[in-house]
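> my questions concern the predicted model and sequence given below.
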Amino acid sequence: MSTSSSSNACKLLLLGRCLRAVLLSVAIQFLLLTVFLLSVNFTLLHPLEWVTGTLRLVASWYTWFASIPLVASVVLYGVSLCQQHLSERPYCPTRYRWLLHYGPRKLLFLGAHLLVGLLTAWLYTGYLHTDYQHLRYKCYAKECVSAYHVYLLGMGIAAGCYYFVSVHMRQEISIEFPVVDQSRAEKLRELLYGSFSRSLVRSLLPTLSYTLAFWLFGPLMCRKLSAILFVEVDERLEGFFGVATNLRLLFYGYLLTAQILSNMHLMRCFYGILLSEDLPLVVTKQRAAFAHEQEITMVAGLGVFNVYVVQCLAAHYFYKLALRKDSTQRAEIFQLTEPGNRPANWRSLCDQCLSILGSFTEELTESMQKISVLKGAQSLPMPKISEPVSASLMAEKLLLRQYNQMHGIRPIVPPKKEDAVDRAADGIRYMPNWCERVSTQLEQALQRLIQRVPGIVYLFNEPEGSKTTFLLANSLPVVYMTQALAQICVASLKEDPYGVVQNDLPAIIKAINKLRNELDKLSSVIGNIKAPSSSFYVLRCAVRRSLYAICNSFCDYLGDILPPGEELRQLQDLVCQ
Amino acid sequence: MAALSNLKQCPPFSTLPDLALRHNHIPELERYPQINLNHELLAHPAGQRFYGGQSFVPVDEGVLKRITRTFFDGGFWESLEEARSPKSREQAPLIAQAGDLIAQILGLATGLRLKILPHTQELSAERIAQFVETRDWLNSDVRFLAWNWHFFSLAVAGVDDVVRIYFKNSSAATATVLKSPSQTQITCMSWRPLCSAEIVIGCRQGLCFWEVDSSLHLGRTNAPSKVFKHPANLPITSLQWNKDGTQLATASIGDRSIIIWQPDNGMMQPLKRLGPPGSLLKWSPENDWLFAATVDRVFRVWNCNQQWTTERWVCGPGGHVQTACWSPCGRFLLFVSSAEPIIYRLQFVQQSLLSSSADEKEILPIADLNACSIDANRTLIGGPAQQLAWDPHGNYLVVTFKSTNCIAVFRTFIQKFDLQISAAYYLSGETATEHPSFICFQPLYKDNDRSVLTIAWSSGRIQYYAFD
């Protein structure tokens, strides 16, 4: 199966899951509505009537018809989430490029949030007292705009907007694998309990903020609306006390916000739960004629670079497989093909992993060269060794230099210019003519001028360390893959009957060690760039642990696996402390 | 019960007829660090530690001001105590009476709550001591021992809330010291697997992660690299890493959930079940199962490979699981209840091909630990067990007791579907009153494949005992 066909097959699988997530999201609307109605219609003296009345209301024809717009908006929300999960994630070096690529998608998503918020508020107000139910109501035989209704509709929009700003505006949607792999029912149960209780606390701040804003601008809004609808103005919510003393309205607003926030959180988590479930991958493809055509191998899954979720799922599958002792699938990795007796499974897996690791390390190294602090530290001459000093002292000096560089502390002795670089060997230097000189100066002046225009640098310059940040934020497949590869190498000591792994051990160790060295360099400046520190620590710890696992298992053979040199010494130091 | 192995035929180690068994001293042990924590505690008592407030002279304050300050310094309960103190009672009797009234009302409410939810009582040090594996945890010089999984390094947690780390040939003077104000009442600790020098310490404040490197000798690092608090601010009473060091399971005697942490990204997930709070965790060697005891009769075994499903068991009346250990092969779990002096076995191996995995497990008693006299002086051995430790080769099981001072050594023979156990001999301290506080086995290293038992005695002395 080619890369594009495996990508399509995986996308199809994931699309099915997204569809299930949308259905779950739709179903949860009715549960949330029931919770809302139970809360607002609570009667202590007639509990049976309270429950049956609420359930009758939820199951009524009115609810089915009135909830159609909300269901449609939820589907739109789901489609938008699905698109973000399954679409490619290119690197956008400048903010302008980011806006071009992600702007329309984010706008659509914001629209979906506002729509879900508004329609939830509209649906829920339909079940409240007549004062809250409609936009117009009769006051003293005149038609008025209901300030209560406006308040609640506005609260719905504000809650949707708040959720988008706090969760989705800056961050890209990504899946998170659960810490422990529980059953789906258990996950959903935990999620429901957690969401309801958390949203009750989380909705306090937006409710209060919106109420404050409504006190300031609400009357103005109501007047505008009454002018548009040619009706009278409702003065019930004018003034601070008008808003602050209406406890019932505040309670409805608070409850509505909690419902909307938990609704959106639940929809996001349904996608997370369903998409993070294992993909039905295989190690070896069946060659028999009746074999399933759509069978996707783990290696093919790892190679689906354009869908990040698929790569994560394949790497996670590989990690789980590598950890499972006595699993037939782990044994398949070490098997030889028949006929041919070739380690095809291991070959393809190892090549794929090394290629991903190598390209990640290269990109990381390249991106780190653009970080000025690191660049500065690298350009600094190495401390001259006048007498035999230990490696730790050298490392100490380098760290001190990096620290000075980072905090703008200049060295007391200015660095000497390398004469050999400046001066040509024969002493003849190229002198540009006046025309060229003027043109260069003009160009530089123009550049300086443009850069002074506010927003130009912000929009069109690549922020420092942004590529590194991007790589670290998308490093989950590397985290799982490195650990899995290390586990396979360790297991090969006992389980690899044909010794298929041993030839590749040097390459694997070198690749992981190279990444470790780059991450160690980055660790000194990680606080200076806006990289997600948790992603960095997860990657760094995973890489270090993987290297430690391999070196610890092959400690006695390290000298045979690697040529003598600095790398061997480093690894021996790592294990034999 | 007559068929059970018991301690009556247990000879003392010094009178063993087989000389091969008595060669416990190997030259390698001479290079092990000689530790006596009591000497170190006397040399650097905790009382000598400097706390910021010590050098300031108290000033006279008004009652209200004093109560307010105490409220901001120590919280509501301390301020209430301050209001009811004799000094306040003397200066402002009305305030003291109001404090009494509030305390009475709160006492009634607390009493009612404890009747409904008895496990929510305050977690005092005495209560912690009741459930940890260390004997006389409150007063013992050594509170916990932890060996590094990969190379020679022993961490010793003392009663002074300091963890000392010893390497081969190191002495008390060269030991690396880990101490921090956010690390008091240490109950457990463990080195992180697949890491050269990361240790996590479970204490009253939560979890303290330390990176033990050479800079600690220079006194540069004086704070843990990470501190994780329990979500309900409870002390951690048991912790265990999984085998690849990615997940850390913790239990607290105030919390019904077991928490699984992923320390690298700071994520955690509670495993919730109804029932009493957890007290002890033991992960099977291959991490297929997680044994979780509670403060009551209930204990659970979580199947980590099958979506973390759980099996619930109940042990004998009126007790809780005091200690447990897995066989090195991971097929057998031994545990002892605090109420009965009997070692029970739980088997995790499919005996027949057709039976399902869930209903075949049964708990069988395998050894009787009832106290018996072992010499003419009527020295007793046995009684309720304090701690179990199984050697990494699976040949010996070591048991310490709550009320008697000798250590019983059982010989074990692990077969595919069965486990045989017989009393071998016993070990005793240098004096009759010396009792073992904590025991653990050193993991097998590349350069040493002998099982070495490490015993922390009540005198603060640490002894190494090599098995054949």
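Arrived safely.
> is chain A contacted by stretch B:415-429?
No: taking CB under 8 Å from any CB of the partner chain as the criterion, stretch B:415-429 and chain A are apart, separated by no less than 14.4 Å. Just so you know, the C-beta spots here come from the backbone N, C-alpha and C atoms, and that holds for glycine as well.
> endpoint to endpoint, that stretch covers what distance?
33 Å (CA to CA, to the nearest Å).
> and it, what's buried?
Across stretch B:415-429, burial judged by 16 or more other CB atoms under 10 Å in any protein chain shown covers B:419, B:421, B:423, B:424, B:425, B:426, B:427, B:428, B:429.
> so which of the residues you listed is the closest to residue B:178?
residue B:429 (27.7 Å; CB to CB).
> list the contacts of the closest one.
B:405, B:435, B:436, B:457, B:458, B:459 (CB atoms under 8 Å, 6 or more residues apart in numbering or on different chains).
> any idea how far the residue in the stretch 1-150 of chain B that chain A sits nearest to is from residue A:193?
Residue nearest to chain A within the stretch 1-150 of chain B (CB to the nearest CB): residue B:150, separated by 5.9 Å. Separation of residue B:150 from residue A:193 (CB to CB, to the nearest Å): 40 Å.
> who has more neighbours, those two?
A side-by-side neighbour count of residue B:150 and residue A:193, using other CB atoms under 10 Å in any protein chain shown, places residue B:150 first with 22 against 11.
> okay, and the closest residue to the more buried one other than its chain neighbours sits in which element?
The shortest distance from residue B:150 to any non-neighbouring residue, by CB to CB, 6 or more residues apart in numbering or on different chains, is to residue A:552 (5.9 Å). Taking DSSP states H and E as the definition, residue A:552 sits inside helix A:533-553.
> may I have stretch A:183-201 as CSV, with CA atoms only?
Only the C-alpha atoms of stretch A:183-201 are listed here, as CSV (Å, rounded to 0.1, in the frame of the first residue of the first chain):
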residue,chain,number,x,y,z
SER,A,183,-12.4,1.3,28.9
ARG,A,184,-14.4,3.8,26.8
ALA,A,185,-17.3,3.7,29.2
GLU,A,186,-15.1,4.5,32.2
LYS,A,187,-13.4,7.3,30.3
LEU,A,188,-16.8,8.8,29.4
ARG,A,189,-18.1,8.5,33.0
GLU,A,190,-15.0,10.2,34.4
LEU,A,191,-15.2,12.9,31.7
LEU,A,192,-18.9,13.7,32.5
TYR,A,193,-18.3,13.9,36.2
GLY,A,194,-15.2,16.0,35.8
SER,A,195,-16.7,18.4,33.2
PHE,A,196,-19.8,19.1,35.2
SER,A,197,-18.0,19.8,38.4
ARG,A,198,-15.2,21.8,36.8
SER,A,199,-17.4,23.9,34.7
LEU,A,200,-19.3,25.1,37.7
VAL,A,201,-16.2,26.7,39.0
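> neighbours around residue 444, how many?
This is for chain A. 10.
> not quite, go with chain B.
So residue B:444, with other CB under 10 Å, has 16 neighbours.
> how near is it to residue A:554?
17 Å.
> so the residue in chain B that chain A sits nearest to, which of the three states?
Distance from chain A to each residue of chain B (CB to the nearest CB) is smallest for residue B:269, at 3.9 Å. Secondary structure for residue B:269, judged by DSSP: H, G, I helix; E, B strand; the rest coil, is strand.
> so what's it closest to, chain neighbours aside?
Nearest non-adjacent residue to residue B:269 (CB to CB, 6+ apart): residue A:179, at 3.9 Å.
> what does residue A:204 give?
For residue A:204, ignoring the flanking residues on the chain, the nearest one in space by CB to CB, 6+ apart is residue A:254 at 7.3 Å.
> now do the contacts for that neighbour.
Residue A:254 touches A:203, A:204, A:207, counting by CB under 8 Å, 6+ apart.
> now tell me what touches the helix or strand encompassing residue B:97 from outside.
Taking DSSP H and E as the criterion, residue B:97 maps to helix B:93-116. Residues from elsewhere that reach helix B:93-116 (CB under 8 Å, 6+ apart): B:63, B:64, B:67, B:80, B:83, B:84, B:85, B:88, B:89, B:120, B:121.
> return the distance of the helix or strand following it from the chain's centre.
Sequence-wise, the next helix or strand downstream of helix B:93-116 (DSSP H and E) is helix B:125-131. Here helix B:125-131 is found 11 Å from its chain centre; the criterion is CA atoms, centre = their mean, to the nearest Å.
> okay, buried residues for helix B:125-131 please.
Of the residues in helix B:125-131, B:128, B:129, B:130, B:131 count as buried by neighbour count, 16+ other CB under 10 Å.
> next helix or strand past the host helix or strand of residue B:454?
Per DSSP H and E, residue B:454 falls inside strand B:452-457. For strand B:452-457, the following helix or strand on the C-terminal side (DSSP H and E) is strand B:462-466.
> pLDDT of that next one, averaged?
For strand B:462-466, mean pLDDT is 92.
> okay, the angle between it and strand B:452-457?
Interaxial angle, strand B:462-466 versus strand B:452-457 (axes from the mean of the first three to the mean of the last three CA atoms, to 10 degrees): 150 degrees.
> model confidence for the residue of chain A found nearest chain B, exactly?
Chain A approaches chain B most closely through residue A:179 (3.9 Å), counting by CB to the nearest CB. pLDDT for residue A:179: 91.
> also residue B:281?
95.
> am I right that it is in a strand?
Yes: judged by three-state DSSP, residue B:281 forms part of a strand.
> and it, how many neighbours?
Neighbours of residue B:281 using other CB under 10 Å come to 21.
> residues touching residue 229, list them.
Assuming you mean chain A. Residue A:229 touches A:135, A:136, A:145, counting by CB under 8 Å, 6+ apart.
> to clarify, I was referring to chain B.
B:205, B:206, B:207.
> wasn't residue B:426 part of a helix?
No: read with three-state DSSP, residue B:426 is strand and lies in no helix.
> which residue is the nearest non-sequential neighbour of it?
In space, residue B:426 is closest to residue B:406, 4.6 Å off (CB to CB, 6+ apart).
> residue B:386 is in contact with the one you found, correct?
No: using CB atoms under 8 Å as the test, residue B:406 is too far from residue B:386 to be in contact (11.7 Å).
> kindly confirm my reading that the residue of the stretch 1-150 of chain B closest to chain A forms part of a helix.
No: counting by three-state DSSP, residue B:150 is not part of a helix but coil.
> export stretch B:384-391 to PDB, keeping only CA atoms.
The C-alpha trace of stretch B:384-391 is given here as PDB (Å, rounded to 0.1, in the frame of the first residue of the first chain):
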ATOM      1  CA  PRO B 384       1.800 -10.200  63.300                       C
ATOM      2  CA  ALA B 385       4.200  -9.500  60.400                       C
ATOM      3  CA  GLN B 386       5.600  -6.000  59.700                       C
ATOM      4  CA  GLN B 387       7.200  -6.500  56.300                       C
ATOM      5  CA  LEU B 388       7.900  -9.000  53.700                       C
ATOM      6  CA  ALA B 389      10.800  -9.000  51.200                       C
ATOM      7  CA  TRP B 390      11.500 -11.600  48.500                       C
ATOM      8  CA  ASP B 391      15.000 -11.900  47.200                       C
END
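> is chain B contacted by stretch A:195-202?
No: Stretch A:195-202 stays clear of chain B (CB under 8 Å from any CB), getting no nearer than 12.4 Å.
> what residues sit buried inside that stretch?
By neighbour count on 16+ other CB under 10 Å, the buried set for stretch A:195-202 is A:195, A:196, A:199, A:202.
> same deal with stretch B:391-408?
Neighbour-count burial for stretch B:391-408 flags B:391-401, B:404-408 (criterion: 16+ other CB under 10 Å).
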